[in-house]
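Engineer: Quick one, structure for this:
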Amino acid sequence: MSPMTAPPSGNASRPGADRPGFFFLACPDSKIIQGKVQELMKQYAPAEAGGGLLGASATGFDRRSYWAEEGLPPQFWEDLTLQSLTGRAKCIVVRHAEKLLAADWKALVPALAGFKEHAFPIFCLESAWQRNQPKPPAQLTKQKFWTLAQDRGWYWQSPGITRNKMAAVLEREARRRSVAFAPGALQFLAESLPLDAAAITAEMDKLAVAAQAVEGDGQGVIDTALARETAYAPDIDIFGFIQALQKGTASVAVWRQVFADRLGGEGMLFPLLSLLTREARLLWQIDAGETQGIRLPMSVMRAKESLARRLGRTRIAVLFDLAMEAEYGVKSGERKPEQALERLVAGMAALFADDTATGRGPTGPAQPRRGGPPRQRP
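Structural biologist: Below you'll find the model as predicted:
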């Protein structure tokens, strides 16, 4: 079973057997949700479905999808209450069901009161979990059909991909693509990739193609250099942020909000730290004159060379300190991801606060954090 798909439900031994009247899925990862919907459609496909009718899916259901933020149109209610002219059963999927209005849940009470052979509704609750638990809408939990779903096992939930399971997920994805990880590469990717099945799939596809191209025999190895070279990066201009801080043109409040809006949680904090470390490493190499292996457009290279000269090795080294402090704070449980992000931005702002016209900054590295591991220079 692919880690990008949901685990089997196990409550039907053959297609069409004991099909639930409806089903609820709770998972913040849209790709995993889609995989689970496909599994349920296959598992509970009508036994007599043989395909061949226009518009019918390969599983025997005619799939109809609706988005809760767009409201439930008249066609939804027709699909739910009326049999189609072809007689083909419909799987009615409501995405982002947590966004349905209280009136919608109340209106569903009579529609879900009895089993309908012609309709199999699936409601997808895709909001972020709170305290490691899904948070269904209050109006939903008040409905009898919600209690019925819980009692009969017509409900499935998953937190999605978690950081402590990331390495196992990546190893399974690598085996599916006939590639392997060199020492260090797996750990780097497990800590830097976002907790998102679609992003992991895309990243592993890219890494597998690159690794197999290097080997040339279809059997590739993803080493640390390749993992770092093609590393996933959020849509954040970390170089622009550092440059603006050094010049004194950055609004710390604005950048803090940008980071918070685009990163939102532990799943994206670590990619930011990876991006910051990568940028600091580039500046360190440029400052040391080790530019042979750096491939950048000339204009970008010149901008980085200028920034590296203005920062100097001391302050570049402090960037590593700040990234390590943020990582340790989250992994040790001392700080929440948003607290680590706040401290990181504040630390970077303080690093350049006493810049002068000559570009000279602090003369020493950041003070060691209490309880943290010893710092290491690149």
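
Engineer: So which residues of the stretch 51-200 of the chain form helices?
Structural biologist: 74-81, 102-111, 138-141, 144-152, 166-176, 185-192, 197-215 (DSSP state H, counting those that start in this stretch).

Engineer: contacting residues around the fourth one?
Structural biologist: Pointing back at helix 144-152 there. 20, 22-24, 108-109, 112-113, 136, 140, 154-155 (C-beta atoms under 8 Å, 6 or more residues apart in numbering). All C-beta atoms are positioned from the backbone trio N, CA, C, and that covers glycine.

Engineer: buried sites along that helix?
Structural biologist: 145-146, 148-149 (16 or more other C-beta atoms under 10 Å).

Engineer: now those in CSV, with pLDDT?
Structural biologist: CSV is the format used below for those (pLDDT from 0 to 100):
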residue, pLDDT
145, 96
146, 96
148, 95
149, 96
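
Engineer: returning to that earlier point: tabulate the helices of the stretch 51-200 of the chain (a markdown table), appending distance to residue 91.
Structural biologist: Listed next are those as a markdown table, based on distance: least, C-beta to C-beta, whole Å:
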| stretch | distance to residue 91 |
| --- | --- |
| helix 74-81 | 10 |
| helix 102-111 | 15 |
| helix 138-141 | 20 |
| helix 144-152 | 16 |
| helix 166-176 | 27 |
| helix 185-192 | 35 |
| helix 197-215 | 21 |
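
Engineer: Tell me which of the ones you listed lies nearest to residue 309.
Structural biologist: helix 185-192 (28.3 Å; C-beta to C-beta).

Engineer: chain center to that closest one, what's the gap?
Structural biologist: On the basis of C-alpha atoms, centre = their mean, to the nearest Å, helix 185-192 sits 15 Å off its chain's mean C-alpha point.

Engineer: orientation of it relative to helix 166-176 in degrees?
Structural biologist: Going by axes from the mean of the first three to the mean of the last three C-alpha atoms, to 10 degrees, helix 185-192 is angled at 130 degrees with respect to helix 166-176.

Engineer: picking that back up, need the winner for burial among the helices of the stretch 51-200 of the chain.
Structural biologist: Scoring these by mean neighbour count under mean count of other C-beta atoms under 10 Å gives helix 185-192 as the most buried, with a mean of 20.

Engineer: could you dump it to CSV, C-alpha only?
Structural biologist: Included here for helix 185-192 are C-alpha records, laid out as CSV according to Å, rounded to 0.1, in the frame of the first residue of the first chain:
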residue,chain,number,x,y,z
ALA,A,185,20.0,12.2,2.5
LEU,A,186,17.0,10.5,4.1
GLN,A,187,17.4,12.5,7.4
PHE,A,188,17.8,15.8,5.5
LEU,A,189,14.6,15.2,3.4
ALA,A,190,12.6,13.9,6.4
GLU,A,191,13.3,17.1,8.3
SER,A,192,13.0,19.6,5.4
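
Engineer: can you offset everything so residue one is 13?
Structural biologist: Sure, I'll start counting at 13 from here, so that last one is helix 197-204.

Engineer: That one vs helix 209-227, what angle?
Structural biologist: Here helix 197-204 runs at an angle of 150 degrees relative to helix 209-227 (the same axes, to 10 degrees).

Engineer: low-scoring stretches of the stretch 163-312 of the chain, by residue?
Structural biologist: Flagging of the stretch 163-312 of the chain using pLDDT under 70 yields the residue ranges 226-231, 242-250, 252-253, 255-280, 309.

Engineer: residue ranges of the strands in it, please?
Structural biologist: Along the stretch 163-312 of the chain, counting by DSSP state E, counting those that start in this stretch, strands occupy 167-169, 191-193, 232-234.

Engineer: Looking at those strands, which is nearest to residue 344?
Structural biologist: Nearest of these to residue 344, taken as C-beta to C-beta: strand 191-193 at 25.8 Å.

Engineer: Within the sheet, what are the partner strands of that closest one, with directions?
Structural biologist: If you go by DSSP bridges, strand 191-193 pairs up with strand 232-234 (parallel).

Engineer: Could I get the buried residue list for the partner strand?
Structural biologist: Neighbour-count burial for strand 232-234 [16+ other C-beta under 10 Å]: 232, 234.

Engineer: Can you select the buried ones from the contacts of helix 156-164 in ChimeraX?
Structural biologist: A single ChimeraX command selects the buried members of the contacts of helix 156-164 (16+ other C-beta under 10 Å):
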select :32,34,35,36,120,124,148,152,166,167
